[in-house]
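1. Just the structure for this:
(2 chains)
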Amino acid sequence: MSNLFPNVEWDVMLTSTGQTLYMTAVAVIATFIIGLFLGLALFLTGKGNLWDNRFFNVLTAAIVNIFRSIPFIILIILLIPFTLFLVGSMLGANAALPALIIGAAPFYARMVEIALREVDKGVIEAAKSMGSSNTQIIFKVLIPESLPALISGITVTSIALVGYTAMAGVVGAGGLGDRAFLDGFQRSQNDVTFVATVIILIIVFLIQFIGDTITRRLDKR
Amino acid sequence: MITLDAVRKIFKTKDGPVNAVDQVDLSIEQGEIFGIIGYSGAGKSTLIRMLNMLERPTSGSVTVAGKDLSKLTKAELRKARQEISMIFQHFNLLWSRTVRENIAFPLEIAGIGKAERLKRVDELIKLVGLEGRGESYPSQLSGGQKQRVGIARALANNPKVLLCDEATSALDPKTTDSILNLLVEINEKLGLTIVLITHEMHVIRKICHRVAVMENGRVVEQGPVLDVFRHPSEEITKDFVKQVTEPEETTDLIKQLAFEKPQYKIVQLTFVGGKAEQPVITDVIRKFNVQINILQGKVSQTQKGAYGTLYIQLVGADREVSEAISYMNQQQVEVEVVSYE
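-> Modelled structure (predicted):
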């Protein structure tokens, strides 16, 4: 092992993997909650929907589009003052979280909106005809009926987030991206870059596998 | 049970306002099966949606079970909707829920406790004949079974009114009949008022007590089903009645005969109720010197008795034929000389 990868320090690699997993996991959970909320707002304020409101719809759409359009590496830099205020430092995994979440949540929000739009209008009408309140329609119809699409959406977003953590690593957040760039690329230790990449690949495959399995279990159509 | 007073619905479209429903007055009695028939675009879908305020009328009032629906607050309307349930052409079941969970849905909405929900769902599954399918998902059911789930779901909160929005239009003829039988059974067993919209006269004939015919947003004709079948006054109603009484090929055949042998009269006889049993044809042949060709005949069963039509061609001298016709006119059948000029 040490002949094959002479420069790889396995305990450091393990810590970095832990940091990547930590950043991804926290960001995914926060993205899911904020994205779901934003996506519901986008959908419900849309024309002909439960809270049809042009002003809020345009406002939400504008916010989502702005943050979705900024390239992630630039977003990190733009958010430095905000991150310093919130976390108090630009170093470490926690410092990456604000940028990760603000970058991914609008992306997921659009997927949530698309998923909700796919819910059969007839089913919503049926729920209304039974005397459902809007809250009941959201929690008993919209979310359960779009759940497979919501889960496959968060799977895609999670994988994008793994990529983002690697970028965040470059600016000091730690994790596998940091290993691949600082130790691997800048010190010309190709074996380190290789191992870090393989571990990232394994994480991505695992996320995809888990996401697909859950989606398939949920989809009774 | 249901009263509509000068109800209008105007939709604003890019091409200007459209009168989907125009000054409709209707009164539907408790325990009645009331059918509304019309072609697509006649406004019947909008009309039935105003009976539970899925569409709000532009003007006029809709009163169901003593409540003026447009005057209710949001919360009161939600409560009122639990008594006015609806079934749909495309069933509109939640695919993420099993049959049992779908039927329990309106009970959850109404805030009924779990133990009672389970008990009620069992009763409903039995009522609609879905024993053993409780744990299936809608995707595993046939169209007829899905509509049974829809009906069970609609009955869950013991409604006073059941609205059927083209409930059998997506089903094959045999399944349609079984669903219609179920609706009649429910109507009789629970005393439920049923309002249905359809474009199939067959559905009206089979289960309705009264019918209203809609065209261009207006109710152009209404009355007891047998009366409307016997004396359709509007052109559109005659078209609908023909759907059940005469197949298209008959019309073609009669036209052909009338063209080839214009000297022989073709007569349409209409029998209603018990009168269908009188031997009118035999009498005519015995009493007059005419020959009778039977072209086509059909008897249909409605909720309020049988209804039959018979097309015959009278061959004979003019005098004999006209005497035969006036004789038939005195009997208890409706006689109409068919002409295609």
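
2. Any figure for the gap between the nearest residue to B:Q331 once chain neighbours are set aside and A:I70?
-> Leaving aside its chain neighbours, B:Q331 sits nearest to B:V280 (5.3 Å; criterion: C-beta to C-beta, 6 or more residues apart in numbering or on different chains). Every C-beta, even on glycine, is put in place using the N, C-alpha and C of the backbone. According to C-beta to C-beta, to the nearest Å, B:V280 and A:I70 sit 88 Å apart.

3. helices and strands of the chain: which one has the lowest mean pLDDT?
-> Chain wasn't specified; assuming chain A. helix A:176-178 (a mean of 86; mean pLDDT, DSSP states H and E).

4. that answer is for a different chain, and I need it for chain B
-> Going by mean pLDDT, DSSP H and E, chain B bottoms out at helix B:248-260, a mean of 77.

5. So which bits of that helix are buried?
-> Buried residues in helix B:248-260, defined by neighbour count with 16 or more other C-beta atoms under 10 Å in any protein chain shown: B:T250, B:L253, B:I254, B:L257, B:A258.

6. which bits of the stretch 151-300 of chain B sit near chain A?
-> Taking C-beta under 8 Å from any C-beta of the partner chain as the measure of proximity, the stretch 151-300 of chain B contacts chain A at B:R153, B:N157, B:L163.

7. can you list these in a markdown table and add secondary structure?
-> Output for those, formatted as a markdown table (DSSP: H, G, I helix; E, B strand; the rest coil):
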| residue | secondary structure |
| --- | --- |
| B:R153 | helix |
| B:N157 | coil |
| B:L163 | strand |
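
8. ok, and the most crowded of those residues?
-> Neighbour counts for those (other C-beta atoms under 10 Å in any protein chain shown) peak at B:R153, which has 28 neighbours.

9. list the contacts for the nearest residue to that one once chain neighbours are set aside?
-> Distance criterion C-beta to C-beta, 6+ apart; nearest residue to B:R153, sequence neighbours excluded, is B:I103 at 5.1 Å. Neighbour list for B:I103: B:V121, B:L124, B:I125, B:V149, B:A152, B:R153, B:A156 [criterion: C-beta atoms under 8 Å, 6 or more residues apart in numbering or on different chains].

10. Let's see that with 6 Å instead.
-> By C-beta atoms under 6 Å, 6 or more residues apart in numbering or on different chains, B:I103 lies in contact with B:V121, B:L124, B:A152, B:R153, B:A156.

11. distance of the fourth one from B:N52?
-> Remark: distance between B:R153 and B:N52 (C-beta to C-beta) = 15 Å.

12. where does chain A dip in pLDDT?
-> Along chain A, segments meeting pLDDT under 70 span A:1.

13. repeat that with 80
-> For chain A, the stretches flagged by pLDDT under 80 are A:1-3, A:90, A:170-172.

14. residue ranges of the strands in it, please?
-> With strands called from DSSP state E, chain A shows none.

15. buried sites along the longest helix belonging to chain A?
-> Longest helix in chain A, counting residues (DSSP state H): helix A:10-44. Going by neighbour count (16+ other C-beta under 10 Å), the buried part of helix A:10-44 is A:13, A:16-17, A:19-24, A:26-28, A:30-32, A:34-36, A:38-44.

16. which one's the longest helix in chain B?
-> helix B:173-190.

17. got the phi/psi numbers for B:W95?
-> phi -70, psi -20 (degrees, to the nearest 10).

18. Wait, it touches A:R221, no?
-> Yes: contact criterion C-beta atoms under 6 Å: B:W95 and A:R221 qualify, at 5.0 Å.

19. of these two, who's got more company?
-> Using other C-beta under 10 Å, the more surrounded residue of B:W95 and A:R221 is B:W95, with 15 against 10.

20. Show me where chain A has its helices.
-> A:10-44, A:54-69, A:72-78, A:80-87, A:93-117, A:121-129, A:134-136, A:143-168, A:176-178, A:190-218.

21. Also chain B?
-> B:44-50, B:74-81, B:99-109, B:114-127, B:143-155, B:173-190, B:201-207, B:225-230, B:235-245, B:248-260, B:280-287, B:318-330.

22. If you average pLDDT over each of these, which is lowest?
-> Ranked by mean pLDDT, these bottom out at helix B:248-260, which scores a mean of 77.

23. Count the residues that sit near the residue nearest to B:Q331.
-> B:V280: 20 neighbours (other C-beta under 10 Å).

24. repeat for B:G134
-> For B:G134, the neighbour count with other C-beta under 10 Å is 16.

25. so it touches B:E101, yeah?
-> No: applying C-beta under 6 Å as the test, B:G134 and B:E101 come out as separate, 9.1 Å apart.

26. Which positions in the stretch 1-150 of chain B make contact with chain A?
-> By C-beta under 6 Å from any C-beta of the partner chain, the residues of the stretch 1-150 of chain B that approach chain A are B:52, B:78, B:81-82, B:86, B:90, B:92, B:94-96, B:106, B:109, B:137, B:139.

27. mind listing what residue 8 touches?
-> Here I'm looking at chain A. A:D191, A:V192, A:V195.

28. not what I meant, chain B
-> Here B:R8 is in contact with B:D22, B:Q23, B:T58, B:S59, B:G60 (C-beta under 6 Å, 6+ apart).

29. Can you tell me the closest non-neighbouring residue to A:I143?
-> Counting by C-beta to C-beta, 6+ apart, the residue nearest A:I143 is A:L150, at 7.3 Å.

30. Would you check how far apart that neighbour and chain B are?
-> Distance of A:L150 to chain B, computed by C-beta to the nearest C-beta, to the nearest Å: 12 Å.

31. Check the contact between that residue and A:I114; I expect there is one.
-> No: counting by C-beta under 6 Å, no contact exists between A:L150 and A:I114, whose distance comes to 10.1 Å.

32. Between those two, tell me which one has more neighbours.
-> The neighbour count for A:L150 versus A:I114, taken as other C-beta under 10 Å, is higher for A:L150 (24 against 15).

33. Contact partners for residue 192?
-> Since you didn't name a chain, this refers to chain A. A:N7, A:V8, A:R179, A:D183, A:G184.

34. meant chain B actually
-> B:L192 neighbours (C-beta under 6 Å, 6+ apart): B:L162, B:I186.

35. swap in B:G191?
-> B:G31.

36. how far away is it from chain A?
-> Taking C-beta to the nearest C-beta, one finds B:G191 at 21 Å from chain A.

37. Flag every buried residue along stretch B:118-126.
-> B:R120, B:V121, B:L124, B:I125.

38. got it, and stretch B:52-69?
-> B:N52, B:M53, B:L54, B:E55, B:P57, B:T58, B:G60, B:V62, B:T63, B:V64, B:K67, B:L69.

39. how close does B:V24 sit to B:S142?
-> Taking C-beta to C-beta, one finds B:V24 at 36 Å from B:S142.

40. out of the two, which sits in the busier spot?
-> B:V24 (24 against 11).

41. burial measure for the closest residue in space to the more buried one that isn't next to it in sequence, as a count.
-> Take B:V24 and drop its neighbours on the chain: the residue closest to it by C-beta to C-beta, 6+ apart is B:V7, 4.8 Å away. Neighbours of B:V7 under the rule other C-beta under 10 Å: 23.

42. Was I right to think B:V7 contacts B:S61?
-> No: with contact defined as C-beta under 6 Å, B:V7 does not reach B:S61; the gap is 7.3 Å.

43. For B:Q301, list each beta-bridge partner.
-> Beta-bridge partners recorded for B:Q301 (DSSP bridges): B:A306.

44. and it, how many neighbours does it have?
-> 11.

45. Can you give me the pLDDT of it?
-> 80.

46. count of neighbours near B:P262?
-> 11.
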